[in-house]
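**Q** one predicted model, sequence on top.
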There are 2 protein chains.
Amino acid sequence: MKNNLLLVLSIVLLFSCSKNSRSEDNHVKNIDELNIAIKQAKPGSEIVLANGIWKDVQIKLYGHGTKEAPITMRAETPGEVFIEGESYLHLGGDFLIVSGLYFRNGHTPSSGIIRYKIGKDSTAFNSRVTECVIEGFTQPSRTKIDRWIEFYGKDNQLDHCYIAGKSNDGVTLLVYHDGNENTNNHHQIVNNYFGPRPRKGGPRGETIRMGDSKTSLSPGRVNVSNNYFEACNGEVEIISDKTAYNSYTNNIFNKCEGSLVLRHANFGTVDGNIFIGGDESNFYGGVRVINAGHWITNNYFYKIRGVEFRSGLAIMNGIPMTPINRYRQVSDAVIAHNTWVDCKSPWQIGVGQNIASAGVLPKSEIRSAAPIRTTIANNLVYNSQEDKTPVINYDDMDGILFKNNIIDNGGSQYSTYDVFKNEKLKMKQVNDWLYVPENTQNQSMDSVFVGFDFGKIDHDLLGDTRAKNNRVGAINKVASAEKFVIDKKKYGPKWFSPEKAITKPNVFTASSAEGDLANNIKKAKSGDIIELSDEVYTIGTSLKIDKEITLRSKGTDKVQLVFKVPTNSPAFEMNPKGVLRLDNLDIKGENSSLAFGILEQNMSSAYNLFIDNCVIEDFGHILKATKGSFADSISVSNTTIQNCDNGFTLAAEEKGNYNAEMVTFVNCKFINVKSDVINFYRGGYDESTIGGFLTLSKNTFTSCGGKDKTGTLIKTPGIINVLISGNIFKNNPVKLVALLWGEKNNHELNNTIERSGQMKVEQQRKLDLMY
Amino acid sequence: MKNNLLLVLSIVLLFSCSKNSRSEDNHVKNIDELNIAIKQAKPGSEIVLANGIWKDVQIKLYGHGTKEAPITMRAETPGEVFIEGESYLHLGGDFLIVSGLYFRNGHTPSSGIIRYKIGKDSTAFNSRVTECVIEGFTQPSRTKIDRWIEFYGKDNQLDHCYIAGKSNDGVTLLVYHDGNENTNNHHQIVNNYFGPRPRKGGPRGETIRMGDSKTSLSPGRVNVSNNYFEACNGEVEIISDKTAYNSYTNNIFNKCEGSLVLRHANFGTVDGNIFIGGDESNFYGGVRVINAGHWITNNYFYKIRGVEFRSGLAIMNGIPMTPINRYRQVSDAVIAHNTWVDCKSPWQIGVGQNIASAGVLPKSEIRSAAPIRTTIANNLVYNSQEDKTPVINYDDMDGILFKNNIIDNGGSQYSTYDVFKNEKLKMKQVNDWLYVPENTQNQSMDSVFVGFDFGKIDHDLLGDTRAKNNRVGAINKVASAEKFVIDKKKYGPKWFSPEKAITKPNVFTASSAEGDLANNIKKAKSGDIIELSDEVYTIGTSLKIDKEITLRSKGTDKVQLVFKVPTNSPAFEMNPKGVLRLDNLDIKGENSSLAFGILEQNMSSAYNLFIDNCVIEDFGHILKATKGSFADSISVSNTTIQNCDNGFTLAAEEKGNYNAEMVTFVNCKFINVKSDVINFYRGGYDESTIGGFLTLSKNTFTSCGGKDKTGTLIKTPGIINVLISGNIFKNNPVKLVALLWGEKNNHELNNTIERSGQMKVEQQRKLDLMY
C-alpha cells in the first residue's frame, strides 16, 4: 500500500521535474497548427493548446520523448480547453504527457476517446494523461459501442482525471492485454474520480475492465490505486478484472451498484479499499471472487446490501473444467483483516451454485465446484442490529479455513455456521459510515491468526503497521480512524469539481392558452415545477421532455389534459435525460396516439417517468419503448389507467438488453386495457445486469387483456426480478395472469384472482445464453 | 541463461560453504539412530548415514536449518548408502540438504520416493537433494501409481541426481502448485541426468510435469536447467508444463521419444536446449506449443523425425472457449533463433486441427482456433537432402508473422509457403549431430529481424552475445560450436556413471536332458545365447524368462521343442525385463497350454519377444496379455503359426492403456488359428501415447478365424497406428478381415483377399475420451 503510494509519488515527481527541465513552448490554436507541432515535437517539446472550444478534433499525438525529456501537450489553462464534437485523443510513441483537457458535448468517432495507441506499430509507452475531464461525452445512440479510455502498450498512466456520464454501450475504461507489447504492462490508474455511470440495462456497462477471458492468462500488473468511484451503476461489475496480478488498493467505492469482480483474474490484490453503501439501494456491492490466488485484505464495507453476485463478499462456485469464459473454481484465496459494518448477509459462499438447473443448462454451465484451499481469517463483522444470516452458504464450505473471525451481531449470538467468534464490541462511530472497534482490552480482537505468508499483510487500511498490536479487522487504531476523512481533492483534476450547485426549483404556472404549457416546459430549468391552473387543456402537439419536469394540478382537483396530437404521436415525447413527474392529472388521448413516446433514435441517455395520483385514458398505447431506449425508473402509483388498446410495452431489445430497470405499479387501477397491459421483455440471459425489476403491488386489473393474442395479462419473459403481490385480478378474459420464473427472483403472493385465468410459476426455464 | 547458471552456482557455493561452517557429525547406522538424530538436529547439524544397505527405511527428515547453517543428511561415502526395499525420503522444514543416497532394489510404499513434504503443515522450503541416484526403484505392479520425486513448498532444489528406469504408472517428477505454499515456488531442477524411461503404453509416463490443468493459472517459476534427458520414452510428453513462467534452458534431450510440451503452460521460456534425434525412430520430438506467451529461442534440433504432436516445432490449434483441461489457442508466442538440421517436416502449424471430426466429437473437443499474434523469426532450417514438406500447415497461418527465416533445403528451392528465404549454406559439421553455418559472408544470415522485446534474446545457444554480429539460427559463431562437447560429468552425481560395461554374450549349449535347458537359462546372464543341439526337446515345466535370452538351433535344421506343461501353463513365462529371442525352432504345444504366458501380477517392467524363422503350433493360445503387462516389442518374422485355438491376444487393458507398443508380423504364415488371430485392443482414447503400432506385412492367413465370434480376423479397436500391406488372406471364414480407423493412422494396401470377407475402413469413429 505504502509502496504503491511511493511509486505513484515518485512518478508524479519525475514527470513534474522533467517537464520543467527542457521545455519548448509551441502555442497552437487549431488542429492544423497542432498537427504541425506534433510533427516537429522532439524530446522536451511542450505543445500548448489555446483556451477555447476545439470542435471535431481528432488528435493523434505521436512522438518519442525520453524519460528525462518527455513531450508534453497541455491546455493553456487547465480546464479551459474544451474538446467537443467528434473528437478524440490518441497517443503513440514514448514518454508523452497530456494534461488539462475537458471533453464534453460530443463523442468519439473512433473506438475510444483517450487511446494509448494510434494504430498498428504506433502504440504508446510510458505515457501519461493527467488532469483531464471526460463528462457526458457519450454516443448519441446508446447502442453504439465505444470505450472512453483504451489502454494499450506498457507503463502508461491515467491520473487525476474525472470521468463520468457514459450511458452508451461499452466499458468506460478498458485495458487491452493482447500482444506482447500490451501485456505485463504495469499501467497506473491512480487518483482518478470515476463519477456516475447510469444503469445500462444490459451487459458491457463496467467502469473498468482488464482484458477479456481470452487474454486472462496474461500478467496484467495494472495498478488501480487511490481512485474514487461514485455511483458507478452501469452493471453488476464496477470493475471486471480478467487478467492476472492486478492490484486494487486504497480506492473508495461510494454508493456504486456493483462489485469489484475478480472475474477471470488470478492472483489479484484487493487491499485497503472502502466500499460505502447505504439504505436506499439493495444493489451496492462488495468484492466478488472467482479463480485462483486472490488476496483480499484490509478492506472496509459499510451497508453493502447486495445479495448473491453483489454481496459484501461473494465467493463463487466454479464450473468443473470450465470453458475459459465461464467460472473457474475459487482456490488459494486469502480473505483477511477486512471489516463489514451493517451489511446484509455480507459473506455469501458458493454464490452461483446452480445444480438444480442441471436440467435446463448445459453441463458446462453448472457451477458445482465449491471453493477450495481458501483462508478467511481475522475479519470483523459488526451489525448494530441482528442479521439472521450474516453467512449464506450455497454449497460446501469445507474447502475454507475460517480462523479468528469475530462477529458482533447486534448483540445476538450467531451460531448457524461455526465461522465466527461472537463478541460484544464497543464501536466508535467516526463519521457517517466509518465505525471502528475501540482499542479496549479485547483478547479476541488482539488474537490474530498467522497463515502462510500473512507477514505480507504488514499494514492496515489506514497505513498503520501490523507488526505490533495487530488486530482483527481492517483498522488497527481508533486514533488513526478519527483522523480519516475522504479528501475529494485527491481525486480528479485540481481545476475541476463534480459538485454542482444545488438550486431550488422554480414553480411556474401554465394556462390553457395554446402553447403556454409547451413554452413553460421549454423555458424551465431541469428540476422545475409547472402547475396547471385551468380546468381543461387541449393540446395539439407532443410535449418534449428532455430534462426533469414536474407537471401538477394547481388545486386539489385533477386538471384535465386532452391530447389531440397527430396519428402515432405521443402526448409526451421522452428525450435523453428526460424525467417526467405527473401529479394529480387526468390525461386523455385518442386511440391513434401514445401517452408516452420515446425517441426512435439517438436516445443517448435514460429517461424516467413518475406518475402519481393520475388518470390516463383513451390512448392507443400508454408507453411503447423503442430499440435502444432505456428507462431507469417507471413508477406509477395511485393512478387509473383505462380504456386503452395497449398498456406498457417494454419489449424492443434483444441479446440480454432490456428497456427499463425499475418498473413499479402500486395501488393502481387498470380497467379495459385490451392488450400488452404490461409487457416487459428480456431476450437472452446475461448475469452482468440486474435484469429488470417489475413490482406490482396492490393494484386491481379489471376487464383487461381481452385482445391480447398471447392470452397472458402480465408478460415478463426473461425478467429476473418480479414481485406480484396483493393485487386483485377480476374478470380479465385471459388464460394466464402471469407466468413466473421460479428459479430467478420471481414471486407472487396474496393476489386475488377471479375469472382471470391462472398465475403460474415455472421453476426452471431453458435459457438463451448470451456468451 | 547466464543468470540461471550464476544463480545455481551461487546456491551451490552457498550450500557448500555453510555446510562446513558449523557441522556436528552424527554418524548413524540404522533407522532408529537416524530418527533420533533427526529429532535432535538443529541448524548446522550433519547426519551421516553409514555405508551399507538400508532396507525398508521410511525417512522423514524434518528440521529447521537456516540459510547459514542448514541441516545436512549425507551418505558416509557418496553412493555407498543403498536405500532398498519399501523406502522413501520425505523432507519437511527449512534449509535441509540430503546427498549421496542410492535408491535401488525396491519401491516406495508412499506416493513418492523423494518428497518435499512430510504431511500437512510439514512442507519443505529451501531444501536440496543432491548427488543421489534412483535407479529402477519401480513398483512391482506397473499399474500402481506413484511419483519418484514430488516437489512441494518453495525454493527447493534437485541437482546432480540420476533418475532412471521408472516403468510403472505416474510421472517421474511432479511439481505440485496447489496452495499458496507451493506456488510461485522458484524450485531448481538442475544438472540432473534423467536416464531411460521405457515406453509406458498409456498416459502418465512423463518424466517431468509441472502442476495440472487445475493449477495452470499458478505462477510456477520453476527452473529446469542444464539437465540431460536420455531415452525418456514414457509417452508423447517428456516434459508436460502446466503452470506459468517456468523456464527450460540449456537442457539436452538425447533420443527421447517425446517432446517438451507447453501443455497448459503460459509465458514459458524454452531457451538454449538441444534436441538430438536420429534415424532409428520416428518418435523423437521437439517442442509443442499451446497457450499464451511462450518464448522459444536458441534451441537446436537434429534429426527430429516425429510428426504432428511430436514434430520439431508443433504449434497446435486451440479449442475456442476451451475447457480448462483441453487446448487453449496459441497466442503471443515468439519462436526465434532456433536451428533445425535434417529434421522431418520440422514446422507443423495448427497441429491437432480436427474439424473433420466434428461429427463424432463434442464441440468442446474441436480444435479450430489457429495460432494468433505469433512471431517466427530468425530461424534456420537446414536439410542435407530435400524435405518436400519442411512446413505442414493444418489450418491457417495468417496469425503468424514470419520474418527472416532461412532454409537450405538440400539445395532445392522451397516455395510452398512464403515463410523462408532460400539460401545455399555452407555447414560445418562439428560432431555427430552438430552442424553450424560457416561464418562466411552471407547477408541473409546476418540480416536479423528485431521484433518487440527481441533485445532479451541477448545470447545464443552457446552463450555468445547477440549484441554484435547477430545471426539467424541458434548459434552465432562456428568457433564456439567447435569447442562444444557434451560433458556428461555435468549431469548426475559425481560418483555415478550410467554407462554399463558392454560384455560379449556367452553362448551355451543345452541338451535335451531333462532340466538342462531350464538350467542353462537360469545360469545365463542377460544377453546370453543358448544353442539347442539335439533334435527334440520334451519339456514339462514352463521356462521362466526374466532377462534377455536367445534360443536357437545349433545347426541349420529346426530343433523341435515339445511342451507338455500343466493345464493353462505357458511354454515360456515372460517376466519383467524378459527379452526372448527365438530363432529357427519348431515349438509344439497342447491345446491346454499357451506358447507365451505373462505373469498375472507384479509385471513391473516391459517384456519383449522376437521370433524369427520358427514354427509354433498346436497351442491353445499363442500369447495372452495379462492386465498390467506390457510388451515393448513383439516381432515375428518368417514364422509359421498353425493349428492353434487362439493367436495373439493383447486386450487386457482399459482407459487409454494398452498391452504392447510395437507389434510386427512380417512374412509369416497363419494357418488354422481359430480365434483371436490377432486381437490388439485399446479401450479409451488418449493423445499422450503412441497408441500402439500394428504392422502386418507380406503374411498369409489361411483357414483362420473360424471360431471367432466377432467374425473379424484382425481386431484393432482403438489402436492408433495400423499398417496392413501386401498380405494374402485366403479361405478365412470371417465377415471382415479388419475394420480400420481412417482418421487415425490406419492404412491397408496391396492385400489380396479371397473368400475372407472384407477389409473395411471407417473414417471417423466415436471416441471414448479419457479426460
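**A** Great, that's in hand.
**Q** could you measure from A:Leu313 over to chain B?
**A** 19 Å (Cβ to the nearest Cβ, to the nearest Å). Using the backbone N, CA and C atoms, a C-beta is placed for each residue, glycine as well.
**Q** sorry, that was for A:Ala481
**A** 30 Å.
**Q** mind checking pLDDT for the closest residue to that residue other than its chain neighbours?
**A** Distance criterion Cβ to Cβ, 6 or more residues apart in numbering or on different chains; nearest residue to A:Ala481, sequence neighbours excluded, is A:Val436 at 4.2 Å. Note on A:Val436: pLDDT of 96.
**Q** following whichever strand or helix holds A:Val436, which helix or strand shows up next?
**A** Following DSSP states H and E, one finds A:Val436 within strand A:435-437. Using DSSP H and E, the helix or strand that follows strand A:435-437 in sequence is helix A:443-446.
**Q** I figured A:Ala356 hits A:Gly742, correct?
**A** No - A:Ala356 lies out of contact with A:Gly742 (Cβ atoms under 8 Å); the separation is 10.1 Å.
**Q** so what strands line up beside the strand holding A:Val436?
**A** strand A:427-429 (antiparallel) (DSSP bridges).
**Q** counting neighbours, what do you get for the residue nearest to A:Ala481?
**A** 29 (other Cβ atoms under 10 Å in any protein chain shown).
**Q** surely it meets A:Lys428?
**A** Yes - between A:Val436 and A:Lys428 there is a contact at 5.1 Å, judged by Cβ under 8 Å.
**Q** need the overlap of contacts for these two.
**A** Shared contacts of A:Val436 and A:Lys428, defined by Cβ atoms under 8 Å, 6 or more residues apart in numbering or on different chains, are found at A:Val478, A:Ala481.
**Q** and the helix or strand containing A:Gly106, what's buried?
**A** Here A:Gly106, judged by DSSP H and E, is contained in strand A:101-107. Buried residues in strand A:101-107, counted by 16 or more other Cβ atoms under 10 Å in any protein chain shown: A:Leu101, A:Tyr102, A:Phe103, A:Gly106, A:His107.
**Q** elements contacting it?
**A** Under the contact criterion of 3 or more Cβ pairs under 8 Å, 6 or more residues apart in numbering or on different chains; DSSP states H and E, strand A:101-107 touches strand A:81-86, strand A:133-135.
**Q** ok, that strand: who's next to it in the sheet?
**A** Short version: by DSSP bridges, strand A:101-107 pairs with strand A:81-86 (parallel), strand A:133-135 (parallel).
**Q** so which of the ones you listed is the most surrounded?
**A** Across the strands paired with strand A:101-107, averaging neighbours per residue (mean count of other Cβ atoms under 10 Å in any protein chain shown) puts strand A:133-135 on top, at a mean of 23.
**Q** so how far is that one off the chain centroid?
**A** 17 Å (Cα atoms, centre = their mean, to the nearest Å).
**Q** helices or strands up against the following helix or strand past that strand?
**A** Next along the chain after strand A:133-135, taking DSSP H and E as the criterion, comes strand A:147-151. If contacts are counted by 3+ Cβ pairs under 8 Å, 6+ apart, strand A:147-151 sits against strand A:112-115, strand A:173-175.
**Q** pLDDT for the buried residues of strand A:101-107 - can I get that in CSV?
**A** Formatted as CSV, these follow (pLDDT from 0 to 100):
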residue, pLDDT
A:Leu101, 98
A:Tyr102, 98
A:Phe103, 98
A:Gly106, 97
A:His107, 98
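**Q** out of these, who's nearest A:Ile486?
**A** Here the nearest of these to A:Ile486, counting by Cβ to Cβ, is A:Tyr102; it sits at 24.0 Å.
**Q** hang on, the closest one packs against A:Glu135?
**A** Yes - between A:Tyr102 and A:Glu135 there is a contact under Cβ under 8 Å: 7.4 Å.
**Q** would you mind listing what in the stretch 451-600 of chain A touches chain B?
**A** Counting by Cβ under 8 Å from any Cβ of the partner chain, the stretch 451-600 of chain A comes close to chain B at A:Phe452, A:Asp453.
**Q** relative to strand A:101-107, how tilted is the helix or strand hosting A:Ile47?
**A** For A:Ile47, the host element (DSSP H and E) is strand A:45-49. Relative orientation of strand A:45-49 and strand A:101-107, computed by axes from the mean of the first three to the mean of the last three Cα atoms, to 10 degrees: 50 degrees.
**Q** run the chain-centre distance for strand A:45-49.
**A** That offset, for strand A:45-49, works out to 36 Å (Cα atoms, centre = their mean).
**Q** same question, stretch A:484-498
**A** With Cα atoms, centre = their mean, you get 21 Å for stretch A:484-498.
**Q** show residues contacting that stretch.
**A** Against stretch A:484-498 from outside (Cβ under 8 Å, 6+ apart): A:78-79, A:100, A:102, A:130-133, A:160-162, A:164, A:191-193, A:195, A:226-228, A:230, A:252, A:254, A:430-431, A:434, A:462.
**Q** how far away is the residue of the stretch 101-250 of chain A found nearest chain B from B:Gly211?
**A** Nearest residue of the stretch 101-250 of chain A to chain B: A:Leu217, at 4.4 Å (Cβ to the nearest Cβ). Look at A:Leu217 and B:Gly211: by Cβ to Cβ, to the nearest Å, they are 14 Å apart.
**Q** mean pLDDT for the helices and strands packed on strand A:101-107 - can I get that in TSV?
**A** Shown next, in TSV, are the helices and strands packed on strand A:101-107 (pLDDT from 0 to 100):
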stretch	mean pLDDT
strand A:81-86	98
strand A:133-135	98
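**Q** of all those strands, which one is nearest B:Ser675?
**A** strand A:133-135 (80.5 Å).
**Q** which residue ranges of the stretch 301-450 of chain A form strands?
**A** Secondary structure of the stretch 301-450 of chain A (DSSP state E, counting those that start in this stretch): strands located at A:313-316, A:334-336, A:339-341, A:347-351, A:374-377, A:380-383, A:391-393, A:400-403, A:406-409, A:421-422, A:427-429, A:435-437.
**Q** mind listing what's buried in the fourth one?
**A** By that I understand strand A:347-351. Buried residues in strand A:347-351 (16+ other Cβ under 10 Å): A:Trp347, A:Gln348, A:Ile349, A:Gly350, A:Val351.
**Q** dump the residue contacts of A:Gly202.
**A** A:Asp169, A:Glu235, A:Glu653, A:Lys655, A:Gly656, A:Asn657, A:Tyr658, A:Asp686, A:Thr689.
**Q** just A:Lys426 next, same as before
**A** A:Pro437, A:Glu438, A:Thr440 are the contacts of A:Lys426 under Cβ under 8 Å, 6+ apart.
**Q** what's the closest non-adjacent residue to the last one?
**A** Beyond its immediate neighbours in the sequence, the residue positioned closest to A:Thr440 (Cβ to Cβ, 6+ apart) is A:Lys426, lying 6.1 Å away.
**Q** now do A:Tyr162
**A** Here the residue nearest A:Tyr162, using Cβ to Cβ, 6+ apart, is A:Gly492, at 3.8 Å.
**Q** got the residues of chain A near chain B?
**A** Checking chain A against chain B by Cβ under 8 Å from any Cβ, the hits are A:178-181, A:183, A:213-215, A:217-219, A:244, A:266-267, A:291-293, A:321-325, A:328-329, A:331-332, A:334, A:364, A:373, A:452-453.
**Q** quick check on these: which are buried?
**A** A:178-181, A:183, A:213-215, A:217-219, A:244, A:266-267, A:291-293, A:321-325, A:328-329, A:331-332, A:334, A:364, A:373.
**Q** returning to what we had before: can you redo the contacts of A:Gly202 as a markdown table with pLDDT?
**A** Shown next, in a markdown table, are the contacts of A:Gly202 (pLDDT from 0 to 100):
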| residue | pLDDT |
| --- | --- |
| A:Asp169 | 95 |
| A:Glu235 | 93 |
| A:Glu653 | 89 |
| A:Lys655 | 83 |
| A:Gly656 | 84 |
| A:Asn657 | 88 |
| A:Tyr658 | 92 |
| A:Asp686 | 76 |
| A:Thr689 | 73 |
